[in-house]
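Enquirer: Please work out how this folds:
(chains A and B)
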Amino acid sequence: GAVVSQHPSRVICKSGTSVKIECRSLDFQATTMFWYRQFPKQSLMLMATSNEGSKATYEQGVEKDKFLINHASLTLSTLTVTSAHPEDSSFYICSAWPQVLQKLDTQYFGPGTRLTVL
Amino acid sequence: DAKTTQPPSMDCAEGRAANLPCNHSTISGNEYVYWYRQIHSQGPQYIIHGLKNNETNEMASLIITEDRKSSTLILPHATLRDTAVYYCIAAYNALTFGKGTMLLVSP
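Expert: Prediction:
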């Protein structure tokens, strides 16, 4: 159990276009999902916290108008990188926190999405 | 999140126990100690977590000192596939990742 998927796993786009990344919890419901970004040879950096049915909370320095997050259901959160530029190229990872504090009372991560902006 | 301190790298022989230390001297009472690992270009994998008591699962054991200021992750019989960056995190909600420990398991 506790599987989180991301789609796509890899995407290449042109500068100025928008890219949507999906994060799904496959076998549990997640009230809260998190989005991280990881640059080469660096650690994961939290971008935003997404709660189902409400607006996301962004970390300092993360542009909310550039990184649009939607958490419309208990199993799906999406991150849209708008007007992408080469500096947005990174490894984007989501995590999901199960709704009920049972045995699965920790966060589970997706496999990540490699974004390359040309 | 409380700041954690881990050695940047460690080596371990295959088949031996790997003991990864973590210092979290400023941890607060409601913060858990989490351990994740990340193999290159993959999402972090959950290993184990605990609050006060020692914990064991099929992957590892977590030893937390009585004052909760430090902990040790134990991989009882390391394999080559355990080579990864291991992150120790003290948190209640969102996870803040430090630089972790690069564990290299060698034949």
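
Enquirer: In chain A, where is pLDDT below threshold?
Expert: Along chain A, segments meeting pLDDT under 70 span A:1, A:99-105.

Enquirer: who in it is up against chain B?
Expert: A:2, A:4, A:6, A:34, A:36, A:43-46, A:49, A:91, A:93, A:95, A:106-112, A:114 (C-beta under 8 Å from any C-beta of the partner chain). (Each C-beta comes from the backbone N, C-alpha and C, glycine too.)

Enquirer: Buried subset of those as a PyMOL selection?
Expert: In PyMOL, this line selects whichever of those come out buried by 16 or more other C-beta atoms under 10 Å in any protein chain shown:
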select buried, chain A and resi 2+4+6+34+36+44+45+46+49+91+93+95+106+107+108+109+110+112
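
Enquirer: Please flag which of the residues of chain A next to chain B sit within helices.
Expert: With helices taken from DSSP state H, there is no overlap with the residues of chain A next to chain B.

Enquirer: Sort out which of the residues of chain A next to chain B are in strands and list them.
Expert: When strands are assigned by DSSP state E, the members of the residues of chain A next to chain B inside them are A:4, A:6, A:34, A:36, A:45-46, A:49, A:91, A:93, A:95, A:108-109, A:114.

Enquirer: which among the residues you listed gets closest to B:D67?
Expert: Ranked by distance to B:D67 (C-beta to C-beta), these are led by A:L46 at 27.8 Å.

Enquirer: Enumerate the beta-bridge partners assigned to the closest one.
Expert: For A:L46, the beta-bridge partners are A:Y36 (DSSP bridges).

Enquirer: if we can go back for a sec, state the pair within the ones in strands among the residues of chain A next to chain B that is farthest apart.
Expert: For those, the farthest-apart pair by C-beta to C-beta is A:T49 and A:R114; their separation is 22.6 Å.

Enquirer: Surely B:A91 touches B:Y32?
Expert: Yes. Counting by C-beta atoms under 8 Å, B:Y32 is a contact partner of B:A91 at 6.6 Å.

Enquirer: So if I had to pick from the two, which one is more boxed in?
Expert: Comparing B:A91 with B:Y32 by neighbour count (other C-beta atoms under 10 Å in any protein chain shown), the higher total belongs to B:A91, at 22 against 17.

Enquirer: residues contacting that one?
Expert: B:D1, B:A2, B:E31, B:Y32, B:Y34 (C-beta atoms under 8 Å, 6 or more residues apart in numbering or on different chains).
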